[in-house]
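Enquirer: For reference, the sequence and a predicted model appear below.
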Amino acid sequence: MGELLRYRYLFEQMVRRELRQKYQGSVLGVAWYLVNPLVLMGAYYLMFGVVFTLAQHDDYPLFLMVGLVVWTFFSQALLGAAPSLLDQGALIRKAPFPRETIPGAVVTVQMVTFTIVLGLVAIVTLGVRGTLAPALLLLPPVLVALYAFVLGLALAVSVLHAFFRDVAPILSAVLLPWFFLSPIFFEPADITQKEGARFAMQWLNPVAPFIESVRSILYDGAVPSGATLLYVAVAAVVAVLGGRVLFRAMQRELAVIV
């Protein structure tokens, strides 16, 4: 931790550079981060809210949008972090610094964008749903836990991809079915009454409790269940500690292989 604090200026510069590169030459800039979930929201609302009527939720587009924004942050952060060490290979070979700052900067940029977009979605959702409630006080710690969870996974996939170049394409392939199995356009109870299947969808999918927590707070105006909050906290700690341990164990050879 002390080493990371000493290099905080480098980390800040990496975040700034990543932001500039991400939106350089783009007319809409950060608005593109909103366009993607908006398009998906329209498509899935048509499919599951009109054609197949899978789920019956009031203000279903907002139900969809909250889940899509959380998923977009999760998936884009991991996809961006996976090749980040290889992309910064020249810097790694030239200078000694905490290598964690590279995938960390990618996740932080995605988090900044995600926070802006979620803020816009929250304003609309709270206004339409009337869910301005004390439960909102739980949103910041849930988002911090989400950041830590994604950061831990990003550290793992970035260092693994540096050694095994199949990790990024495998991750890209896995995220597609993972998306459809996540409670983005449904709740587990919408599609099955079997306790085993509902348990698997809710607890064996590590991103599901994060989606449900944010949706409970913004869409329902309710405090997530104690089990969900505990899961979110534990998943965040396990992910960030596990990711850092793996990263530290494998980073010694980075200057040679990138």
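Expert: Received the coordinates, thanks.
Enquirer: contacts, neighbours, all on C-alpha from now
Expert: Noted.
Enquirer: for the most centrally placed residue in the chain, what are its contacts?
Expert: Compute the mean C-alpha point of the chain, and by CA atoms, centre = their mean the closest residue is residue 74, 1.9 Å away. When contacts are counted by CA atoms under 8 Å, 6 or more residues apart in numbering, residue 74 touches residue 150.
Enquirer: at 10 Å what do you get?
Expert: 68, 107, 110-111, 114, 146-147, 149-151, 153-154, 175, 207 (CA atoms under 10 Å, 6 or more residues apart in numbering).
Enquirer: same thing with residue 240?
Expert: 145, 147, 148, 149, 150, 151, 152, 153, 154, 155, 156, 246.
Enquirer: What is the most widely separated pair among these?
Expert: By the measure CA to CA, 145 and 246 form the most distant pair in those, at 19.5 Å.
Enquirer: who has more neighbours, these two?
Expert: residue 145 (22 against 17; other CA atoms under 10 Å).
Enquirer: quick one: low-confidence parts of the stretch 101-250 of the chain?
Expert: 192-193, 197 (pLDDT under 70).
Enquirer: all strands of it, in order?
Expert: Remark: strands of the stretch 101-250 of the chain are absent; assignment by DSSP state E, counting those that start in this stretch.
Enquirer: so where do the helices sit in it?
Expert: 101-129, 139-163, 167-181, 188-191, 195-203, 208-215, 226-250 (DSSP state H, counting those that start in this stretch).
Enquirer: List the buried residues of the shortest one.
Expert: Translated: helix 188-191. residue 188 (16 or more other CA atoms under 10 Å).
Enquirer: Who are the packing partners of that helix?
Expert: If you count contacts as 3 or more CA pairs under 10 Å, 6 or more residues apart in numbering; DSSP states H and E, helix 188-191 packs onto helix 195-203.
Enquirer: Could you pull out the buried residues of the helix it packs on?
Expert: Buried residues in helix 195-203, counted by 16+ other CA under 10 Å: 198, 201, 202.
Enquirer: Kindly indicate which of those residues lies nearest residue 137.
Expert: Out of the buried residues of helix 195-203, the member with the shortest distance to residue 137 (by CA to CA) is residue 202, at 23.4 Å.
Enquirer: ok, and the closest non-adjacent residue to the closest one?
Expert: Spatial nearest neighbour of residue 202, excluding adjacent residues (CA to CA, 6 or more residues apart in numbering): residue 208 at 5.9 Å.
Enquirer: Could I get the contacting residues of that neighbour?
Expert: 67, 70, 71, 181, 182, 183, 184, 187, 201, 202, 228, 232.
Enquirer: Phi, psi for residue 183 please.
Expert: phi -80, psi 70 (degrees, to the nearest 10).
Enquirer: so how many other residues sit close to it?
Expert: Counted with other CA under 10 Å, residue 183 comes out at 24.
Enquirer: and what of the one 4 residues further on?
Expert: Neighbourhood size, residue 187 [other CA under 10 Å]: 19.
Enquirer: ok, now how distant is it from residue 135?
Expert: Counting by CA to CA, to the nearest Å, the gap from residue 187 to residue 135 is 20 Å.
Enquirer: hang on, the earlier thing: out of the contacts of residue 240, which one sits closest to residue 80?
Expert: Among the contacts of residue 240, and counting by CA to CA, the member closest to residue 80 is residue 154, at 8.6 Å.
Enquirer: What's the separation between that closest one and residue 227?
Expert: 25 Å.
Enquirer: for stretch 194-207, the distance to its chain's centre please.
Expert: Here the centre of stretch 194-207 is set off from its chain's centre by 19 Å, with CA atoms, centre = their mean, to the nearest Å.
Enquirer: How about residues contacting that stretch?
Expert: Residues from elsewhere that reach stretch 194-207 (CA under 10 Å, 6+ apart): 70-71, 74, 146, 149-150, 178-179, 181-183, 187-192, 208-209, 212, 227-228, 231-232, 235-236.
Enquirer: 8 Å instead?
Expert: So stretch 194-207 is contacted by 181, 182, 183, 188, 189, 192, 208, 209, 235 (CA under 8 Å, 6+ apart).
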